[in-house]
Structures are given as C-alpha cells and as structure tokens.
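# I would like the atomic coordinates for the input below:
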Amino acid sequence: MKKEIYDMHDGIPIWKHLLNNSQEHQTKLRSNDYGKLAESIGKRELRNCIKFNNFLDNLFPNIIIMSIERKTKKSRRHLEYGDYCTEISYTKDGVYGKKVLIIEIKHGKVYISQQQIRRYSNYIINPSAYFRKADEVKVLFMIFTEIDTMNASSTYFLCEFNTEFANKIVDAIPKQEPDKNANIFASMDIM
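The predicted model follows:
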C-alpha cells in the first residue's frame, strides 16, 4: 500500500475530514503547559546538538573533549542543575580539567526567579565551590518563542548568562549585616 492513502482522502488531508464532524472547544493553557512541551522539545534538540553538531566545540573552543557526562535528577545531590546539565572532562596543553554546562529551558516571556538567578550567578563566579574540580561553569537559557504544533515547528533562542552579568547580579544583592543579638544568645548558657 502507498503512504498517500493514509495522508489524503478525496484530495483532502484526513484531519480535515475529521474536523467536519466535530465540535470546537476552547481551554486556557497555563505557562507550565507550554513549559513541559518546551522542555521535551529542548532536551531532544540538545541531545542532537551535542551528539551530531559542533555545539560544544563552539561553546568551549581550544580544548580537546575527553568525555561528556550528563547529570540527571538521580545523580544530583543537593544542587539544582537546571533542566539539562553536562560535565565535560577535557584536556588542554596536557592539563586535565572539567567544565560544566547548565541549560535552563523556558517558554516565552516567563519570570525567572531571583533565587535561581542568584544561584546561577554563584555557580558562574565560583565554580569549584559547587562542582568538584570544575574550572568553569556556563549557563545558557534556551528560550522558546514559538511552538506551532499544527505546522510542526518551533523557534528558540540560546542566551548565555555570562560572567559580567553574574557579577552585576551578585553586586546588587544587599549585604546582610551580622545580627547584633547573636552574640548575646551565644554568650548565654541556656539549659
């Protein structure tokens, strides 16, 4: 049998025939509905980019990649790694090292929490404090601007959260002064 039989009937796509005998319903979508769809599309796209394209070579030039290990939710300890995280073991001029790539997948104009931005800023500024033996952390936001299920297409931007922006975020965080009452309670012998 030919595949065209399943695609068309009387010269019209099958789904148009089905729509003739249907009732239209509308429902509101929430941002997390789009987010789940964007995450599944984004993770698939990232797996393909890392396997088949020179995506990592462009992100981390002048290194020889030895191995790539994807961090999953099961392998995470107490750290929040984002939606897609890889540890890259590399060599450069005979010296071995480790780099971490974190990708956060978002859909549309979503609010990114200050806590998440601060956490990623700290990862970028001081990578070895959060990731054992890591000398660099890169954070990318994969922001989907359009997901069109009828035409089977989507559009996204990859935006790097760079060190300069991370330093501005950390500098803008109000510094907490030590609690004056802490010494009083520390000196008291409470039983």
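
# need the longest strand for this structure.
Ranked by residue count and defined by DSSP state E, the top strand of the chain is strand 134-148.

# Going by contacts, tell me the helices and strands next to that strand.
Counting contacts by 3 or more Cβ pairs under 8 Å, 6 or more residues apart in numbering; DSSP states H and E, the secondary-structure elements packed against strand 134-148 are helix 31-52, strand 95-107, helix 114-125, helix 127-130, strand 153-161. From N, CA and C alone the C-beta is placed, and that goes for glycine too.

# Serialize these to JSON lines and add fields for mean pLDDT and distance to Ile12.
Converted to JSON lines, the helices and strands packed on strand 134-148 look like this (pLDDT from 0 to 100; distance: least, Cβ to Cβ, whole Å):
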{"stretch": "helix 31-52", "mean pLDDT": "83", "distance to Ile12": "28"}
{"stretch": "strand 95-107", "mean pLDDT": "91", "distance to Ile12": "33"}
{"stretch": "helix 114-125", "mean pLDDT": "88", "distance to Ile12": "48"}
{"stretch": "helix 127-130", "mean pLDDT": "90", "distance to Ile12": "57"}
{"stretch": "strand 153-161", "mean pLDDT": "89", "distance to Ile12": "22"}
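
# And the ones you listed: which comes nearest Lys175?
Closest to Lys175 of the helices and strands packed on strand 134-148 is helix 114-125 (Cβ to Cβ; 13.2 Å).

# Look up how far Thr27 lies from Glu39.
When Cβ to Cβ, to the nearest Å is applied, the distance between Glu39 and Thr27 equals 21 Å.

# More neighbours: those two, which one.
The residue with the greater number of neighbours, taking Glu39 and Thr27 and applying other Cβ atoms under 10 Å, is Glu39; the counts read 19 against 5.

# who touches that one in this structure?
Applying Cβ atoms under 8 Å, 6 or more residues apart in numbering to Glu39 gives the contacts Asp83, Ile105.
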